[in-house]
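A.B. asks: how does the following fold in three dimensions:
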Amino acid sequence: METNTPVSTEGRKKKRRACGSPSGTATAVQVAPTSLVEAKYSELIEYIDNEMDPGKRLSKIATNALKQKIAQWALAQAELLGEIKQLTKNNNELKQQVSMLQTTSTAATPQLTYAKIAQTKVVANSNRATDTIPIPNHVIFITSKTEESGKTIQQKLTEKINPKTSKIKIKAMRTTSKALVIEGASQNDLETIANNPEIQKDLKCEMPRKSKPLLIMYDISAKPSESELTETIYYQNLAGQMSIDEFKKQFALRFKTGPKNKTTVHHVCEVTGNLRKILLRQERIYIGFHSIKIRDYTVVPRCLKCQDLGHVGKHCTQTEQVCGHCGKTGHVKNNCDKKAQKPVCIPCRKRGKRCSTEPKDCSRFNPLPHRTWSVSNLSSQNEHQGRLVRMRRL
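C.D. replies: Here you go, the predicted model:
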């Protein structure tokens, strides 16, 4: 059992001094020599001694305890300011080191210029997704001589030929309104189908027709004949690159287009893939005393029923006729009572876009030709032939 041992008077004095007794003084705490903290500390001590308690109502113990707290605060503040000063110094040293490293790195690395960037060989990324839609390699179209539906043609074909006995490989079949489209594993499989006597009796087989790409030449005088124009294009632009006979095999004028009743027209020509690359690389060709623009020629279909782009009236799903001038339904362009006003860009209005240009200059119209070329087959097995595979709409 514990007993209470009486504490001597000297022991009580030591304990009071440790806790901030009247005999303990605040000046015993060493404050770091920071001018701002020292000034604030001195100001507070002077306030306690002279102004805080003019009536001397506080005991010495309470006053010294308050001074002790202020001294501890001053010490903590001084230590924090010292740490801040050291961190600032370290930060400045690190900035100098980084600056020196950047200077060294810049000196070691050669400065890039536009010429050097242009000379850099760009490696194509094989993993990059493209917009190209692969076209089947081996396809045949089968139609009926009596205008039967695609489903009926498919039924007749399956009755007339047996893939097992004929040893043919069929990858896929699909029907349209008036035709059957078959994709085979090889060209021999398609020829076996096309040469079958039973199929030839009442069915007609056709391979996809491949046509060369078309180019359009703008604002050419309407006076020269086609033969004169062909020779002029060759001698002024390609005489040193191929013979005249080779050029005529790769180049053919097809038709004219453009505004009527003008002295100039736009000529559309059919070319091979190699010649297309040569002409488009030049961007302009020379005919007589003029420099002529040449571009890829792609026809973007426009529906005469809903006035939108990308399809024709035969495949339009809209029930009402839309005016090609004002965009309202219920009448045609010839009967429009708003012809005095500027025509409306209907494709933009359908998509909630503001447009003040003609449809041919509209941003809705421009991506369509590029999309048309992106799904075209512009390459053969060995070289770019520039062939656009145009499968018939059946």
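
A.B. asks: relative to residue 344, how far out is the spatially closest residue to residue 345 that is not a sequence neighbour?
C.D. replies: Leaving aside its sequence neighbours, residue 345 sits nearest to residue 355 (CB to CB, 6 or more residues apart in numbering; 3.9 Å). C-betas here are computed from N, CA, C, even on glycine. Going from residue 355 to residue 344 by CB to CB, to the nearest Å gives 8 Å.

A.B. asks: which stretches of the stretch 1-150 of the chain have low pLDDT?
C.D. replies: Residue ranges of the stretch 1-150 of the chain with pLDDT under 70: 1-35, 105-136.

A.B. asks: mind listing the strands for it?
C.D. replies: 139-144 (DSSP state E, counting those that start in this stretch).

A.B. asks: domains in this structure, by residue range?
C.D. replies: Following the assignment in automatic domain parsing, the chain carries domains at 14-82, 139-208, 212-296, 312-357.

A.B. asks: follow-up on the earlier one: the residue nearest to residue 345 - how many residues pack around it?
C.D. replies: Residue 355 has 18 neighbours, counted by other CB atoms under 10 Å.

A.B. asks: try residue 252
C.D. replies: Per other CB under 10 Å, the neighbour tally for residue 252 reads 13.

A.B. asks: quickly list what it is bridged to.
C.D. replies: residue 270 (DSSP bridges).

A.B. asks: heads up, I number from 9, so please use that
C.D. replies: Got it, first residue is 9 now, which makes that one residue 260.

A.B. asks: what score does the residue nearest to residue 353 have for pLDDT?
C.D. replies: pLDDT, residue 363: 73.

A.B. asks: ditto for the one 3 residues further on
C.D. replies: pLDDT, the model's per-residue confidence, is 58 for residue 366.

A.B. asks: same question for residue 298.
C.D. replies: 90.

A.B. asks: that one pairs with what?
C.D. replies: Going by DSSP bridges, residue 298 forms beta bridges with residue 295.

A.B. asks: pull out the buried positions in stretch 217-232.
C.D. replies: Buried positions in stretch 217-232, judged by neighbour count with 16 or more other CB atoms under 10 Å: 220, 221, 222, 223, 224, 225, 228.

A.B. asks: put together a markdown table for those residues, with distance to residue 64, secondary structure and pLDDT on each row.
C.D. replies: As requested, those are exported to a markdown table (distance: CB to CB, whole Å; DSSP: H, G, I helix; E, B strand; the rest coil; pLDDT from 0 to 100):
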| residue | distance to residue 64 | secondary structure | pLDDT |
| --- | --- | --- | --- |
| 220 | 114 | coil | 82 |
| 221 | 109 | coil | 87 |
| 222 | 111 | strand | 89 |
| 223 | 109 | strand | 91 |
| 224 | 108 | strand | 90 |
| 225 | 111 | strand | 91 |
| 228 | 114 | strand | 90 |
